[in-house]
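In: fold the following, please.
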Amino acid sequence: MGETFVEMLLNNMMTLLPFVIIMSYEGGVRWTLGRNPRELKPGFHWKWWFFHQIERMSVVDQVIELQIQSVITQDGELVCFSVNIGFHIVDVVAHFCGVQDFIESTRALAMTHLAKEVRKKPYQDLVTDLSKLERSLQGTLTTRLKDWGTEIFSVGFTNFAKVPLQVRIFGDSSVHI
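Out: This is a model prediction of the structure:
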């Protein structure tokens, strides 16, 4: 909706050109009649507008910020935390063909892993060595995201706090436990 008519017209005309230029910070994939994906490195590439479909994406370092998650530890403490995950794409074809929505899938994997790990440990064990939990998540994501052509370079908590457990009883009132 933010595009002007002229920008929209120019973008559509660019798709009719017999070539595409992949910038130095991008990677590309070319499909021929919807099959045989082939990686395109930065530079100039010819295309036949009817036979080829070309997708481009940034391959530089990026960060996913996980939303705040609340989990009850093994000893019954409620903790809230959030995490940042740094990654970059190393195989553009695997990234396009391996997963439908990379960001949402990565968020779901990371949040599920962290919830399972936090539920297994008492609060004091968690806070004394958060780096162990970060390494666990990084190891899991490194293994799982390899098939998606992605490399994890950083995992870190942005916050980790114990909060009072509240139970909502009818309406707006809450009771602290």
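In: burial measure for residue 93, as a count.
Out: Using other C-beta atoms under 10 Å, residue 93 has 17 other residues around it. Where you see a C-beta, it was placed from the backbone N, CA and C, and this is true even at glycine.
In: which of the helices or strands spans it?
Out: According to DSSP states H and E, residue 93 maps onto helix 92-98.
In: after that helix, which helix or strand is next?
Out: Counting by DSSP H and E, what follows helix 92-98 is helix 102-120.
In: the lengthiest strand in the chain pairs with which strands, and in what direction?
Out: Of all segments of type strand in the chain, defined using DSSP state E, the longest is strand 150-163. Next to strand 150-163 in the sheet, as set by DSSP bridges, lie strand 78-89 (antiparallel).
In: ok so, going back, got the buried residues for the helix holding residue 93?
Out: Applying a neighbour-count criterion of 16 or more other C-beta atoms under 10 Å, the buried positions in helix 92-98 are 92, 93, 94, 95, 96, 98.
In: now find how far off-centre that helix is within its chain.
Out: Mean-position distance between helix 92-98 and its chain equals 14 Å (C-alpha atoms, centre = their mean, to the nearest Å).
In: give the other helices and strands that that helix contacts.
Out: Helix 92-98 sits against strand 26-32, strand 35-40, strand 52-58, with contacts defined as 3 or more C-beta pairs under 8 Å, 6 or more residues apart in numbering; DSSP states H and E.
In: any residues touching that helix, and which ones?
Out: Here helix 92-98 makes contact (C-beta atoms under 8 Å, 6 or more residues apart in numbering) with 27-29, 37-40, 55, 57, 59, 89, 102, 147-150.
In: which intervals of this protein have sub-threshold pLDDT?
Out: For the chain, applying pLDDT under 70 flags the ranges 1-2, 11-12, 14-15, 166-177.
In: list the contacts of the residue nearest the centre of it.
Out: In the chain, the residue lying closest to the centroid (C-alpha atoms, centre = their mean) is residue 103, at 3.0 Å. By C-beta under 8 Å, 6+ apart, the residues touching residue 103 are residue 64.
In: so how far is residue 74 from it?
Out: Separation of residue 103 from residue 74 (C-beta to C-beta, to the nearest Å): 30 Å.
In: about what we covered before: any of the contacts of helix 92-98 buried? List them.
Out: Using 16+ other C-beta under 10 Å as the burial test, the contacts of helix 92-98 include 27, 28, 29, 37, 40, 59, 89, 102, 148, 149, 150 as buried.
In: all set, thanks.
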